[in-house]
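S.K.: for reference, the sequence and a predicted model appear below.
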Amino acid sequence: MSKKSLSRRIAMIAVYVALAFIFSYIEALFPFSLGIPGVKLGLANIITVYVLYSTKSVRDTFVVIILRILLTALTFGNLSIMIYSMAGGILSALVMSILYKVNIFGILGVSVAGGVSHNIGQLIVAAIMLETKEITYYIPVLIIAGVIAGLIVGTVAGICVKRIHKRK
Amino acid sequence: MKKLVNKKDIILIISLLIIAAFLFFVIRVLSDPGTSVIVRIDGNDIASYPLDKDTTVIFSNGKAIDPSDESFDPDSLKRKNLSDYNMLQIVNGEASVIEADCPDKICVHHNPISNDGESIICLPHKFSVHIQEEGE
C-alpha cells in the first residue's frame, strides 16, 4: 500500500493525466498516415508505463489511463472514438499490469506487450462495431505497429524511470 | 529496481514479429484477387459492384446517391451539400475511397484494395468497403 498521503496521490495523478493529455495532443498535431487505420505511436502511453513503474500501483495506472482517455476523447473526439480508445487502453493497461506483477519482462517487454494489446483491443471493438470479421486481415500489421510503438514508449519511459524516479 | 531490458524482452519481441510475419504470409497465400466489391454501412450490406467494371459511387447517410445527382459534378463545391459521405471508386480492378468528409480521412488515405478479404473502413461513418470472391 502506498505510504504517500492521499492528497499527494490525487495531485500526482492529476499531473500525469494532464501530461498524457498533452502528449496525445502533440501526437495528433502530426498527421501520421500509413494507409492503414489504427497505426499510431501512442506517445501518451509513455506516461502510462512511467506511472506503472514509478508509483508501482496498478490502481493509479488504471486511474490515469482511464481519465486520460476520457479527457482526450471528450476534447478531440466523439463517443465512438472514445469506445475504441477505451477498449485499447484498458486491455493494454490490463496486460501491462499483469506482466508487471508477474515480473518476467523488463520495461521494454511490458511496453511492447502493451502496444500490441492496445491495437488488438481496438481491432476487436472495430470488428464488433462494424460486424465484420474481415478486419482480422489487419492483425499482422497491427502487431508490428504495436511492437514498434511499444519499443519507442518503453525506451523513453525506461529512461524516465531511471533518471526521474530516484526513490527506492 | 526493475531492469530496462532483459533477454526475455528480446524473445518476446522476436516472437511477436515472427507471429506477425507468419500470419501475414498465411493471409497472403490464402488470399486471391476478389471479384466483387461490397459496401457495408452500419452492419448492413448496402450495395455490391463487380471489380472489373470502372464505377464511381457516392454514399451519404447510409444510401447511395443517384449518379445523375449534381453532387457528382467535378466541381467539389457541390458536394458540400452532402453530409457524412464517402466516395467509392472502382478503377483498374482496384477499389478505393477517393473522397470523404469524415474528420480523420483514414479511408481516403488507405491504399486501394483488390484482394479477397481486404477492406477499407471509415469508422466515423460506420462505412466499409470489402472485396469478396464470387459465391460467398
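M.R.: Here it is on my side, so go on. Because the structure is a prediction, the values reported are computed rather than measured.
S.K.: go ahead and confirm A:G109 touches B:S15.
M.R.: No - proximity of A:G109 to B:S15 does not meet the contact threshold set by CB atoms under 8 Å, at 10.5 Å. Quick note: C-beta positions are derived from backbone N, CA and C, even for glycine.
S.K.: who has more neighbours out of the two?
M.R.: Neighbour comparison, A:G109 and B:S15: the larger count goes to A:G109, with 25 against 10 (by other CB atoms under 10 Å in any protein chain shown).
S.K.: show me where pLDDT drops low in the chain?
M.R.: As the question left the chain open, I've gone with chain A. Applying pLDDT under 70 to chain A flags the ranges A:1-4, A:32-38, A:131-134, A:165-168.
S.K.: oops, chain B please
M.R.: When residues are selected by pLDDT under 70, those of chain B lie in B:1-4, B:66-81, B:134-136.
S.K.: give me the longest helix you can find in chain A.
M.R.: Assignment by DSSP state H gives helix A:139-164 as the longest helix of chain A.
S.K.: quick one: buried residues of that one?
M.R.: A:139-158, A:160-161 (16 or more other CB atoms under 10 Å in any protein chain shown).
S.K.: quick check: which helices or strands does that helix pack against?
M.R.: Here helix A:139-164 touches helix A:44-55, helix A:107-129, helix B:7-30, going by 3 or more CB pairs under 8 Å, 6 or more residues apart in numbering or on different chains; DSSP states H and E.
S.K.: quick one, which of the ones you listed is nearest to A:I65?
M.R.: The closest of the helices and strands packed on helix A:139-164 to A:I65 is helix A:44-55. By CB to CB, the value is 5.2 Å.
S.K.: name whatever forms a beta bridge with the residue nearest to the spatial centre of chain B.
M.R.: For chain B, B:I120 is the residue whose C-alpha lies nearest the centre (CA atoms, centre = their mean; 0.9 Å). Taking DSSP bridges as the rule, B:I120 bridges to B:V129.
S.K.: for B:P33, same thing?
M.R.: According to DSSP bridges, beta-bridge pairing links B:P33 with B:N115.
S.K.: cool, and B:A64?
M.R.: B:F59.
S.K.: which residues does the residue nearest to the centre of chain B contact?
M.R.: B:I120 makes contact with B:A95, B:S96, B:V97, B:C107, B:H110, B:I113, B:S128, B:V129, according to CB atoms under 8 Å, 6 or more residues apart in numbering or on different chains.
S.K.: apply 7 Å and report the result again.
M.R.: B:S96, B:V97, B:C107, B:H110, B:I113, B:S128, B:V129 (CB atoms under 7 Å, 6 or more residues apart in numbering or on different chains).
S.K.: the fifth one - how many residues pack around it?
M.R.: Other residues lying near B:I113 total 21 when counted by other CB under 10 Å.
S.K.: go on, the one 3 residues further on?
M.R.: When neighbours are defined as other CB under 10 Å, B:D116 has 20 of them.
S.K.: can you check B:I14 too?
M.R.: 11.
S.K.: relative to A:L142, how far out is it?
M.R.: Counting by CB to CB, to the nearest Å, the gap from B:I14 to A:L142 is 18 Å.
S.K.: check B:N111 too.
M.R.: Separation of B:N111 from A:L142 (CB to CB): 15 Å.
S.K.: next: B:N6.
M.R.: Relative to A:L142, and taking CB to CB, B:N6 is found at 25 Å.
S.K.: again with A:M96
M.R.: Taken as CB to CB, the span from A:M96 to A:L142 is 17 Å.
S.K.: what does B:I18 give?
M.R.: Distance from B:I18 to A:L142, by CB to CB: 15 Å.
S.K.: same check on A:G158?
M.R.: Taking CB to CB, one finds A:G158 at 23 Å from A:L142.
S.K.: spell out which parts of chain B neighbour chain A.
M.R.: Residues of chain B lying near chain A by CB under 7 Å from any CB of the partner chain: B:2-6, B:8-9, B:12-13, B:16-17, B:19-20, B:23-24, B:27, B:40, B:43, B:106, B:109-111, B:117-119, B:121, B:123-124, B:126, B:128, B:130.
S.K.: what's the local residue count around residue 8?
M.R.: Unless you meant another one, I'm taking chain A. For A:R8, using other CB under 10 Å, the count is 10.
S.K.: can you look at chain B instead?
M.R.: Number of residues near B:K8 (other CB under 10 Å) recorded here: 13.
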